[in-house]
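# Starting from these lines, generate the structure:
(one chain, ligands or ions: 2)
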Amino acid sequence: MPRFNKRVTSLDIVLFRLVQHCNLQKFLDNDNIAKFYYVLTMSFMKALVKKSPVDGLWLEQMPIPVIGTNDVLIKITKTAICGTDLHIYHWDEWSQSTIKPPLIIGHEFVGVVEEIGLGVTHYKKGDIVSGEGHITCGYCRNCRAGLRHLCHKTIGIGIQRDGAFAEYMTLPEGNVWPVHNDIDTDVAAFFDPLGNAVHCALSFSMVAEDVLITGAGPIGCMATSICKHLGARNVVVSDINDYRLELAAKMGADRIVNIQNEKIEDCFSELKISSGFDIGLEMSGNPSALQDLVRTMYHGGKIALLGILPNDTLVNWDDIIFKGLRIKGIYGREMFETWYKMTQLIRGGLDVLPIITHKFNAEDFQQAFEVIDTGQCGKVILNWD
Ligand code: NAD
Ligand code: ZN
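Ligands and ions are numbered 1, 2, ... in the order given. Predicted structure coming up:
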């Protein structure tokens with residue numbers, strides 16, 4: 001597999017690709033002609049690509065991206081697979097309307113800085129970094145107000161531009177996050193979804209509250225640990241998948257409920273919950289889970305909606321209105337307060353490592369996606385080293 005030699009810079013790549021494009025090789029002297037061929041053969045990397053608009057992904061040789069003035073070139077070491085990647089793999093309706101192949105997918109990653117653009121001031125070669133995959137415009141009202149997670153022009157890596165499932169990726173310096181020495185790089189590989197869970201959990205005060213989390217996927221399980229860490233009294237987690245419910249129990253759930261076998265409110269007397277949940281985190285994207293939530297909330301309860309619900313989802317509006325429920329939509333992570341908080345939560349003892357159930361080499365990506373398809377997994381990591 002060709003490796004990116006450290007003497008080859010983005011400038012070399014741009015220059016020699018230009019030379020090739022304009023057919024100017026004949027003007028190069030002997031030293032440079034050798035470098036020309038070296039750069040052209042060495043400037044490729046392996047990457048997981050959505051090559052064409054059909055089911056599947058392909059491990060391909062792709063050109064190593066070149067950095068702009070304010071970009072950082074990251075040598076990816078580990079990535080984690082998100083449900084979104086699975087949607088792209090299977091080329092579902094959402095992918096068909098959103099993704100334009102060919103595209104390198106993936107947005108959960110950790111890596112090492114390989115090269116920096118001329119304008120980059122906060123990073124150097126060798127730094128361990130992850131990064132925010134939502135690239136915002138910087139100029140809209142919300143960006144200027146410091147509310148970048150509410151930018152209406154957000155571009156997603158691995159969705160609208162090439163992503164992290166590759167040996168190298170570029171990212172604007174402002175999106176790069178330095179990984180603290182205390183953080184396990186396995187965990188840094190999924191800071192992105194951990195940030196979704198932290199963003200939801202920190203939306204409301206958790207201390208002494210009874211919390212219902214619908215959906216024991218990786219994000220629901222991580223949210224379970226976070227809510228307990230933040231001082232919730234009871235965390236109840238519902239799902240239809242026993243493997244995942246067991247994982248939620250391992251991550252600190254006081255009670256797990258398989259809604260196929262029992263009703264959520266059946267656990268109220270056992271947990272001494274008198275009138276319903278104070279806080280609800282919807283993390284399944286399933287309409288019936290939202291119905292369970294609004295039905296079992298106490299008056300004045302607060303709900304965070306992270307799961308992506310179908311647009312025709314029905315709820316009992318009487319519950320929402322007459323119980324005075326407050327509902328907050330959650331998109332991504334707050335930039336970059338969520339990143340700061342998740343770093344400090346982990347440094348303060350929050351343990352999310354049990355969510356990792358499988359690790360594969362990037363070459364074995366098919367196996368990794370097959371495991372995710374079964375639902376018998378937590379977080380699945382791909383190694384790129
Ligand atoms: P996941 O799909 O791995 O997990 C969802 C879980 O919900 C599964 O375990 C499934 O069995 C369970 N489920 C299905 N029906 C249920 C029901 N009726 N009641 C309770 N549980 C039920 O997803 P994830 O990666 O953990 O992410 C959670 C959700 O958040 C997904 O819907 C995802 O698309 C969404 N998401 C949103 C954002 C955002 O920015 N808003 C970001 C990332 C993920
Ligand atoms: Zn903006």
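# Touching, Val380 and Ile372? I think so.
Yes - with contacts counted by Cβ atoms under 8 Å, Val380 reaches Ile372, the gap being 5.8 Å. Backbone N, C-alpha and C define where each C-beta goes, glycine included.
# what residues does the chain put near ligand 1?
83, 193, 196, 214-220, 238-241, 244, 259, 283-286, 288-289, 306-308, 330-332 (Cβ under 6 Å from any ligand atom).
# From these, list the buried ones, please.
By neighbour count, with 16 or more other Cβ atoms under 10 Å, the residues of the chain next to ligand 1 hold 193, 196, 214-220, 238-241, 244, 259, 283-286, 289, 306-307, 330, 332 as buried.
# Show me those that map onto strands.
Among those, the members falling in strands (DSSP state E) are 214, 238-239.
# Dump the residues you listed to TSV, plus pLDDT.
Shown next, in TSV, are these (pLDDT from 0 to 100):
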residue	pLDDT
Thr214	99
Ser238	98
Asp239	98
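# Okay, strands next: where are they in the stretch 51-200 of the chain?
58-63, 71-80, 103-104, 108-116, 128-131, 134-135, 155-156, 168-172, 176-178 (DSSP state E, counting those that start in this stretch).
# chain center to stretch 247-267, what's the gap?
Centroid separation between stretch 247-267 and its chain, computed with Cα atoms, centre = their mean, to the nearest Å, is 25 Å.
# And the contacts of that stretch?
212-213, 216, 220-222, 224-225, 228-229, 234-240, 242, 245-246, 270-271, 273, 276, 288-289, 292, 295-296, 352, 354-355, 357, 378 (Cβ atoms under 8 Å, 6 or more residues apart in numbering).
# list the contacts for Arg161?
135, 155.
# Same check on Asp242?
Counted by Cβ under 8 Å, 6+ apart, Asp242 has contacts Asn258.
# ok, now with 10 Å
216, 256, 258, 260-261, 376 (Cβ atoms under 10 Å, 6 or more residues apart in numbering).
# quick one: it from Asp292, how far?
17 Å (Cβ to Cβ, to the nearest Å).
# What of Asn361?
Distance from Asn361 to Asp292, by Cβ to Cβ: 39 Å.
# So which of those two has more stuff around it?
Asp292 (22 against 12; other Cβ atoms under 10 Å).
# Got phi/psi on the more buried one?
phi -60, psi -40 (degrees, to the nearest 10).
# Without its sequence neighbours, what residue ends up closest to it?
Closest residue to Asp292 apart from its sequence neighbours, by Cβ to Cβ, 6 or more residues apart in numbering: Ile264 at 5.5 Å.
# give me every residue that touches the residue in the stretch 201-350 of the chain positioned nearest to ligand 1.
Shortest the stretch 201-350 of the chain-to-ligand 1 distance, computed as Cβ to the nearest ligand atom: residue-wise this is Gly217, at 2.1 Å. Contact analysis of Gly217 by Cβ under 10 Å, 6+ apart lists 83, 193, 223, 239, 241, 244, 247-248, 283-285, 307, 355, 375, 377-379.
# From these, which land in helices?
83, 193, 223, 244, 247-248 (DSSP state H).
# show me which of those residues neighbour ligand 2.
By Cβ under 5 Å from the ion, no member of those lies near ligand 2.
# quick one: Leu11 and Leu24, what's the gap?
Distance from Leu11 to Leu24, by Cβ to Cβ: 16 Å.
# Arg144 too?
44 Å.
# swap in Tyr38?
In terms of Cβ to Cβ, Tyr38 sits 17 Å off from Leu24.
# next one: Gly378
Taken as Cβ to Cβ, the span from Gly378 to Leu24 is 53 Å.
# Which of these two has more residues huddled nearby?
Using other Cβ under 10 Å, the more surrounded residue of Gly378 and Leu24 is Gly378, with 22 against 12.
# Number of residues surrounding the nearest residue to Phe190 once chain neighbours are set aside?
Nearest non-adjacent residue to Phe190, counting by Cβ to Cβ, 6+ apart: Ala80, 4.0 Å away. Neighbour count of Ala80, defined by other Cβ under 10 Å: 29.
# one step back: and which of the ones in strands among the buried ones among the residues of the chain next to ligand 1 is nearest Gln61?
Of all those, Gln61 sits closest to Asp239, with 40.1 Å by Cβ to Cβ.
# Might one say that the closest one is in contact with Leu212?
No - using Cβ atoms under 10 Å as the test, Asp239 is too far from Leu212 to be in contact (11.8 Å).
# Quick check: pLDDT value at the residue of the stretch 251-385 of the chain at minimum distance from ligand 2.
The minimum distance from the stretch 251-385 of the chain to ligand 2, using Cβ to the ion, falls at Met335 (10.5 Å). Met335 is assigned a predicted lDDT (pLDDT) of 98.
# could you pull out the helices for the chain?
Going by DSSP H, the chain shows helices at 10-21, 30-42, 83-90, 93-98, 141-144, 185-188, 191-201, 218-229, 242-250, 268-271, 287-296, 317-322, 337-347, 365-374.
# mean pLDDT for those: which is lowest?
helix 30-42 (a mean of 79).
# Give me the distance from that helix to the chain's centre.
Distance, centroid of helix 30-42 to centroid of chain: 38 Å (Cα atoms, centre = their mean).
# same check, this time on stretch 263-276
33 Å.
# Pull out the buried positions in it.
264, 267-268, 273, 276.
# Let's have these in a markdown table, adding distance to ligand 2.
Below are the buried residues of stretch 263-276 laid out as a markdown table (distance: Cβ to the ion, whole Å):
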| residue | distance to ligand 2 |
| --- | --- |
| Ile264 | 39 |
| Cys267 | 43 |
| Phe268 | 44 |
| Ile273 | 41 |
| Gly276 | 38 |
